[in-house]
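Chemist: everything below, folded, please.
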Amino acid sequence: MIEIFIDGERLTPMNTFLKGVIRMKSSRELGRSRFLQQGAPWVYSNELQMPPRESFAPGDWVALETADGQALGYGFFNAHSLISFRLFERAPFRNEEQTRAFFFRRLDAALSLRYLAYPEQAREGTPCFRLCFGESDGVPGFIMDLFRGGKGGGVAVMQCHAAGADQFIVWAQLWLEERMGITCGIVRNDLDVRDREHAPRATSTWGQVPTDVYAAENGVRFFFDAQRGQKTGFFYDHRDNRRRLAELAAAGSWGDKPRFLDCFSYVGSWGLALAKSCPAATVVCADSSSEALAWVRRNAEENGLKGRVEAVEADLFADKSVYAVGAYQVVVSDPPALTSSAKQAEEGKRAHEKCFALAQQATAPAGVTAFAACSFHLTWDDFLDVCHRAGRKKGHNLQLFELGRQAADHPMLSALPETRYLKCAFGRQML
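Modeler: The predicted structure follows:
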């Protein structure tokens, strides 16, 4: 058991929860540090006096100090990661019990923010939103989404993007039962990033997880595979943008039989919202995954939209037949992450430009195109430039009349630009 001295007082933790101490380099060696100068919660390996790798297991919780031994806070450490230290609290560690209590307060604050942003969710009893968005909610590396299942009870899906975040799982289960009466869920620690963290991949459940799990959003129910679907199974981050596009679709003068196109539809979150908002429209949901399209068909039936939603399997980077020229009054192009690192920035821009140009090709001259990107490494300037160049490829300029960001349940931490990742734009051809 380690001993920690604060202001000359010896504090002995309740157990061996905290595994040791790491120190930052001296101010002379550090140069500019986002952790020290901007309040960012990350410390990179080149900012630390790195101990031998065998000194700590990946994700061990440690105290962080300056080079001369002044306490800076505590969190978890991973010598295998470029982001070697992730801060939990900028205060000296006292014991595991107080750390857990502080975690509970963080989740309390996260819940209050979601209810502030979406008061209808508080009234509905079983909320559907992202409850915890990692560093943006002060819970580094930890994601938790809430869904419904069975007879409408709550289901939680968690993911740990960093090895040390695994500590939060049991605490979160306790918090869910105590604060929200949620007693079941899934831990989806099956992410590629866990390989880089030297953390095991696994999927597990607790409690009685219902067979059917769904997200309720903007008056539509979306069923999905919570154990094997993408990320946590459903993407809440475009919920506000989907609602806004549905409003535009409902307000448009599209003629008697408008057709809308949802590219990279996954389970149909854009397309079904459009179909519900505009009863005269037929919506084509296109995706390369037959499994995803099976969920589109089910979701259309569950929401009374059967016969108005067409599920089309296609390679949306190669199959030009989906993009019939001017065939759709509203087109959505929301591809998966195409720029996963700074090194891939140029390649990612070209891929987005291709997707957006094809979407423009398919949009009728007076129609609306929704462009979306989910990579932090595609900057806003690059994103808007890609939209412009996509229009120019089709011989016109774009009139971008509305921009959107990630939904309120994916808050942005001012000290961490990496949390500002989602981009959306609605545009029309300039006539």
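
Chemist: so where is the chain shaky, pLDDT-wise?
Modeler: Residues of the chain meeting the criterion pLDDT under 70: 1-15.

Chemist: contacting residues around R23?
Modeler: Contacts for R23 were tallied using Cβ atoms under 8 Å, 6 or more residues apart in numbering; they are 48-49, 64-67, 69. From N, CA and C alone the C-beta is placed, and that goes for glycine too.

Chemist: ok, and the most crowded of these?
Modeler: Using other Cβ atoms under 10 Å as the neighbour criterion, L64 leads those with 23 neighbours.

Chemist: for the lengthiest helix in the chain, name the packing helices and strands.
Modeler: Assignment by DSSP state H gives helix 96-117 as the longest helix of the chain. With contacts taken as 3 or more Cβ pairs under 8 Å, 6 or more residues apart in numbering; DSSP states H and E, helix 96-117 sits against strand 83-89, helix 119-124, strand 129-133, helix 168-175.

Chemist: of these, which is nearest C424?
Modeler: The closest of these to C424 is strand 129-133. By Cβ to Cβ, the value is 16.7 Å.

Chemist: the closest one packs against which elements?
Modeler: Against strand 129-133 (3+ Cβ pairs under 8 Å, 6+ apart) you get helix 96-117, strand 142-149.

Chemist: buried deepest among the ones you listed, which one?
Modeler: strand 142-149 (a mean of 25; mean count of other Cβ atoms under 10 Å).

Chemist: pull the CA atoms of that strand into PDB?
Modeler: Extracted C-alpha coordinates of strand 142-149, given in PDB (Å, rounded to 0.1, in the frame of the first residue of the first chain):
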ATOM      1  CA  PHE A 142     -16.300   6.000 -20.700                       C
ATOM      2  CA  ILE A 143     -19.400   6.100 -22.900                       C
ATOM      3  CA  MET A 144     -22.900   5.100 -21.800                       C
ATOM      4  CA  ASP A 145     -26.100   5.200 -23.900                       C
ATOM      5  CA  LEU A 146     -29.600   4.600 -22.600                       C
ATOM      6  CA  PHE A 147     -32.300   2.700 -24.500                       C
ATOM      7  CA  ARG A 148     -35.600   1.000 -24.000                       C
ATOM      8  CA  GLY A 149     -36.400  -2.700 -24.200                       C
END
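
Chemist: excluding chain neighbours, what is closest to A292?
Modeler: Y266 (5.0 Å; Cβ to Cβ, 6 or more residues apart in numbering).

Chemist: how about that neighbour, what does it touch?
Modeler: Contacts of Y266 (Cβ under 8 Å, 6+ apart): 230, 235, 287, 289, 292, 295.

Chemist: please tell me how far it sits from A425.
Modeler: The gap separating Y266 from A425 is 20 Å, by Cβ to Cβ, to the nearest Å.

Chemist: what does stretch 374-382 contact?
Modeler: Stretch 374-382 has contacts (Cβ under 8 Å, 6+ apart) with 237, 334, 336-342, 344-345, 348-349, 352, 386, 417-418, 420-423.

Chemist: 10 Å instead?
Modeler: 235, 237-238, 334-346, 348-349, 351-352, 373, 383, 385-386, 403, 405-406, 417-425 (Cβ atoms under 10 Å, 6 or more residues apart in numbering).

Chemist: list the buried residues for that stretch?
Modeler: By neighbour count on 16 or more other Cβ atoms under 10 Å, the buried set for stretch 374-382 is 374-379, 382.

Chemist: go on, stretch 35-47?
Modeler: Across stretch 35-47, burial judged by 16+ other Cβ under 10 Å covers 35, 40-43, 47.

Chemist: likewise for stretch 78-88?
Modeler: For stretch 78-88, by 16+ other Cβ under 10 Å, it's 78-79, 81, 83-88.

Chemist: would JSON lines of these with distance to D212 be doable?
Modeler: Converted to JSON lines, those look like this (distance: Cβ to Cβ, whole Å):
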{"residue": "N78", "distance to D212": "37"}
{"residue": "A79", "distance to D212": "42"}
{"residue": "S81", "distance to D212": "37"}
{"residue": "I83", "distance to D212": "37"}
{"residue": "S84", "distance to D212": "41"}
{"residue": "F85", "distance to D212": "41"}
{"residue": "R86", "distance to D212": "35"}
{"residue": "L87", "distance to D212": "39"}
{"residue": "F88", "distance to D212": "36"}
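
Chemist: and those residues, which is closest to K257?
Modeler: Lowest distance from K257 to the buried residues of stretch 78-88 (Cβ to Cβ) belongs to I83, with 51.9 Å.

Chemist: and the gap between the residue nearest to the closest one when sequence neighbours are not counted and M180?
Modeler: Of all residues not flanking I83 in the chain, W42 sits nearest, at 4.8 Å (Cβ to Cβ, 6+ apart). Separation of W42 from M180 (Cβ to Cβ) stands at 30 Å.

Chemist: equivalent analysis for G307, please.
Modeler: The value you get for G307 to M180, if Cβ to Cβ is used, is 38 Å.

Chemist: more neighbours: which of those two?
Modeler: When G307 is set against M180 and neighbours are counted by other Cβ under 10 Å, the residue ahead is M180, at 17 against 9.

Chemist: which SSE is the closest residue to that one other than its chain neighbours in?
Modeler: Nearest residue to M180, sequence neighbours excluded (Cβ to Cβ, 6+ apart): G154, at 6.2 Å. Under the criterion of DSSP states H and E, G154 resides in strand 153-160.

Chemist: returning to that earlier point: which pair of the contacts of Y266 spans the longest distance?
Modeler: F235 and S289 (14.2 Å).

Chemist: looking at the two, which one has more neighbours?
Modeler: The residue with more neighbours, out of F235 and S289, is F235; 24 against 16, by other Cβ under 10 Å.

Chemist: ok, the closest residue to that one other than its chain neighbours - contacts?
Modeler: Counting by Cβ to Cβ, 6+ apart, S269 is the residue found nearest to F235 once chain neighbours are left out, at 6.7 Å. Residues in contact with S269 (Cβ under 10 Å, 6+ apart) are 215, 217-218, 220, 222, 224, 234-236, 238-239, 242, 262, 285, 296, 299, 332, 334.
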